[in-house]
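> What follows is a predicted structure for the sequence shown.
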Amino acid sequence: MLETISKPQDGPVVMTICGDAGAGKTSLAAEFPNPIVIRAEDGLQSIPMERRPDAFPLVQAADDVFAQIKALQGGHEYKTLIIDSVTALERLFTDDIVAKDPKKPKSINQANGGYGAGLAALASMHQRVRKGVEILRRRKGMHIVFIAHADTETIDLPDADPYTRYTLRLGKRSVAPYVDDADVVGFLKLETFLKGEDDERKKAISDGTRQLIVKMSAANVSKNRFGIEQDLTYNIGENPLTPFISTLKETN
């Protein structure tokens with residue numbers, strides 16, 4: 001057994017990009033090496049055709065998602081899988097669970113007999129996605145990028161006053177595969193400034209600069225395993241993570 005010990009090597013990255021609509025999440029994901037997109041929503045029109053990544057047909061049902069993931073286990077030259085978005089997957093999976101329940105429940109809370117069983121089934125489908133793409137990461141050497149829309153939640157800790165932060169727009173049970181099991185969770189936002197005199201109502205303005213937050217922050221869900229402690233500026237056409245992650249350099 002001791003002869004099997006070695007230093008683990010760096011591998012492909014698993015990243016979740018969270019942000020408000022129009023922040024540039026899909027554009028940033030497209031900066032990863034040679035990407036292919038699984039589309040639970042159609043967010044590629046904002047990317048010019050010369051930079052637009054290849055994509056599967058828009059998924060219409062939950063089974064489509066798993067079929068497209070499985071198709072990538074075959075021969076191809078793609079280096080990154082983008083799933084756009086896990087928020088849209090949540091809606092798709094919810095509809096699937098409710099529709100397949102013979103008792104015809106009115107909501108996911110009533111599905112599978114209620115008492116949280118429907119929500120547990122929903123979380124299980126997200127875990128199935130995460131396990132499926134892990135096969136691609138390990139066997140095909142693909143980077144994985146999940147896109148999520150942002151929402152807010154109130155954090156009520158026993159040793160601090162309650163506060164609000166940005167998080168993924170998913171049910172609480174669905175978040176773990178995209179946060180706990182990710183190498184990077186980034187919150188993408190416009191850099192904003194407040195303008196106005198002290199006695200005036202201030203206005204938020206922006207010059208269009210986008211910031212990617214990947215360090216731990218009380219304001220949003222974010223983290224990284226690469227020691228990145230500064231906020232990163234995202235410029236269209238550049239991946240701000242490349243200088244920090246060796247496997248992105250190797251596959252660019």
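Arrived safely, thanks for sending. Numbers count the residues shown, from 1 in each chain.
> give me the low-pLDDT residue ranges for the stretch 151-252 of the chain?
Within the stretch 151-252 of the chain, the segments meeting pLDDT under 70 span 192-207, 250-252.
> Show me the helices in the stretch 51-200 of the chain, by range?
Counting by DSSP state H, counting those that start in this stretch, the stretch 51-200 of the chain has these helices, from start to end: 62-71, 86-100, 117-140, 176-179.
> what does stretch 161-177 contact?
Here stretch 161-177 makes contact (CB atoms under 8 Å, 6 or more residues apart in numbering) with 16, 18, 86-87, 90, 119-120, 122-123, 126-127, 129-130, 148-156, 178-179, 187, 217-221. For the C-beta atoms, the positions are set from N, CA and C on the backbone; glycine is no exception.
> got a list of contacts for stretch 103-110?
For stretch 103-110, using CB under 8 Å, 6+ apart, the contacting residues are Thr94, Ile97, Val98, Ala111, Gly113, Gly114, Gly118, Leu119, Leu122.
> re the thing from before, in JSON lines: the helices of the stretch 51-200 of the chain, plus mean neighbour count and distance to Lys106.
What follows is the helices of the stretch 51-200 of the chain, written out as JSON lines (neighbours: other CB atoms under 10 Å; distance: least, CB to CB, whole Å):
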{"stretch": "helix 62-71", "mean neighbour count": "16", "distance to Lys106": "19"}
{"stretch": "helix 86-100", "mean neighbour count": "19", "distance to Lys106": "8"}
{"stretch": "helix 117-140", "mean neighbour count": "17", "distance to Lys106": "11"}
{"stretch": "helix 176-179", "mean neighbour count": "20", "distance to Lys106": "27"}
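> beta partners of the residue nearest to Ala23 when sequence neighbours are not counted?
Distance criterion CB to CB, 6 or more residues apart in numbering; nearest residue to Ala23, sequence neighbours excluded, is Leu188 at 4.7 Å. Beta-bridge partners recorded for Leu188 (DSSP bridges): Gly19, Leu212.
> is it true that Leu188 touches Val214?
No - applying CB atoms under 8 Å as the test, Leu188 and Val214 come out as separate, 9.8 Å apart.
> so how far is Asp20 from Thr233?
Distance, Thr233 to Asp20, by CB to CB, to the nearest Å: 17 Å.
> When these two are compared, which one has more neighbours?
Higher neighbour count among Thr233 and Asp20: Asp20, with 16 against 12, using other CB atoms under 10 Å.
> hang on, isn't that one packed against Ala148?
No - Asp20 is beyond contact range of Ala148, at 10.9 Å (criterion: CB under 8 Å).
> the strands in the stretch 101-250 of the chain, which residues?
Taking DSSP state E, counting those that start in this stretch as the test, the strands found in the stretch 101-250 of the chain are 143-155, 163-168, 184-195, 203-213, 223-224, 232-234.
> Looking at these, which is nearest to Gln45?
Gln45 lies closest to strand 143-155 among these, at 14.7 Å (CB to CB).
> Now do that closest one against helix 117-140, angle only.
Orientation of strand 143-155 against helix 117-140 (axes from the mean of the first three to the mean of the last three CA atoms, to 10 degrees) gives an angle of 150 degrees.
> got a list of what Lys249 touches?
Going by CB under 8 Å, 6+ apart, Lys249 touches Thr242.
> wait, Gly118
Counted by CB under 8 Å, 6+ apart, Gly118 has contacts Ile97, Val98, Asp101, Pro105, Ser107, Ile108, Asn109, Gln110, Ala111, Asn112.
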